[in-house]
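> Sequence first, predicted model second:
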Amino acid sequence: GAYWSPPDFDFPDRETLLTALSKQRTLDAPDRHFHYSNLGIALAGEIVARKSGETYRDYLEANVLQPLEMTETRLEFPRRARSSVMAVGHGARRRDGTRPVMAAFDTEGIEAAAGLTSNLIDLARFAVWNFRTLDGVDNKILDTATLRDMQRVHWVDPDWRTTWGLAFEVRKSGEDTLVGHEGACPGFASSLALFPEHKVAVIVLASASGINPNVIVENAQKLVLPALAQTASEAARHRNRPADAERRRLEP
């Protein structure tokens, strides 16, 4: 459907989505090219709902959001809270430099693919959980082996430029491995970029369409990771330097 198209952003409800499945056709032959599919992720959410016997929303709340204390993350657009906690989304920049205010929306049947609203603190909690889980810290959400498998490359396009894990984008960014995901909804753009080797996360939240979060991620990577490496190197030199009294004793 045309649910990403303005001005209506008419997202299908669950029944409409499932009814329309019989009319869907693949864009290409299987296993030929990578193509991100909101429909595929929405159907993964449907599988979760059917296997668990509860709605995807209830399952996510009980098994992910509550254990991680992500109290400001919702599978909905919090209209009543908009003035206090929800940023106002804006559309693409017009020729006169202004941006239109975008109306609230619900992603309905594709909420598993595009329905979350969140904030910096909650996404930071999610990032920390990733790093702790990858380090083997036991938790009730996901096994370490499963998360590691999701964050290794499962697909490489023939041009060797497009690489993906399971739900996570996994790619080389300079000399570092970046694991993450971008998001875009009417009036908003976001990115969560994890650098597991350094235990550093870059979180970008923009309340406007037409923003490229990758630019901010790349600049943060160039600024932060070398600074951390330099700090670690200086700390190591300090640890290895003899104490003043010991140094004086060793001096001729």
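On my side now, so go ahead.

> Name the surrounding residues that touch the longest strand seen in the chain.
Longest strand in the chain, counting residues (DSSP state E): strand 176-185. The contact list for strand 176-185 (CB atoms under 8 Å, 6 or more residues apart in numbering) reads 89, 105, 107, 114, 116, 130, 151, 165, 167-172, 189-198, 209, 213-214, 217, 221, 225. Every C-beta, even on glycine, is put in place using the N, C-alpha and C of the backbone.

> which ones among those residues are found in strands?
Short answer: the contacts of strand 176-185 in strands (DSSP E) are 169-172, 189-195.

> With distance to residue 160 as new columns, can those be given to me in CSV?
Below are the ones in strands among the contacts of strand 176-185 laid out as CSV (distance: CB to CB, whole Å):
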residue, distance to residue 160
169, 15
170, 14
171, 11
172, 10
189, 27
190, 27
191, 23
192, 24
193, 21
194, 22
195, 21
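
> Show me where the stretch 1-150 of the chain dips below the pLDDT cut-off.
80-83 (pLDDT under 70).

> related to what we said a few turns ago, which of the contacts of strand 176-185 count as buried?
89, 105, 107, 114, 116, 130, 151, 165, 168-171, 189-196, 198, 209, 213, 217, 221, 225 (16 or more other CB atoms under 10 Å).

> Give me the phi and psi for the residue nearest to residue 63 when sequence neighbours are not counted.
Once flanking residues are discounted, residue 63 sits nearest to residue 141: 6.7 Å by CB to CB, 6 or more residues apart in numbering. The phi/psi pair for residue 141 (degrees, to the nearest 10) reads phi -100, psi -50.

> How much space separates residue 141 from residue 126?
10 Å (CB to CB, to the nearest Å).

> More neighbours: which of the two?
The neighbour comparison of residue 141 against residue 126 (other CB atoms under 10 Å) goes to residue 126, with 19 against 12.

> if I pick the closest residue to residue 110 other than its chain neighbours, what's in contact with it?
Nearest residue to residue 110 in three dimensions, chain neighbours excluded: residue 42, at 4.2 Å (CB to CB, 6+ apart). Residues in contact with residue 42 (CB under 8 Å, 6+ apart) are 17, 109-113.
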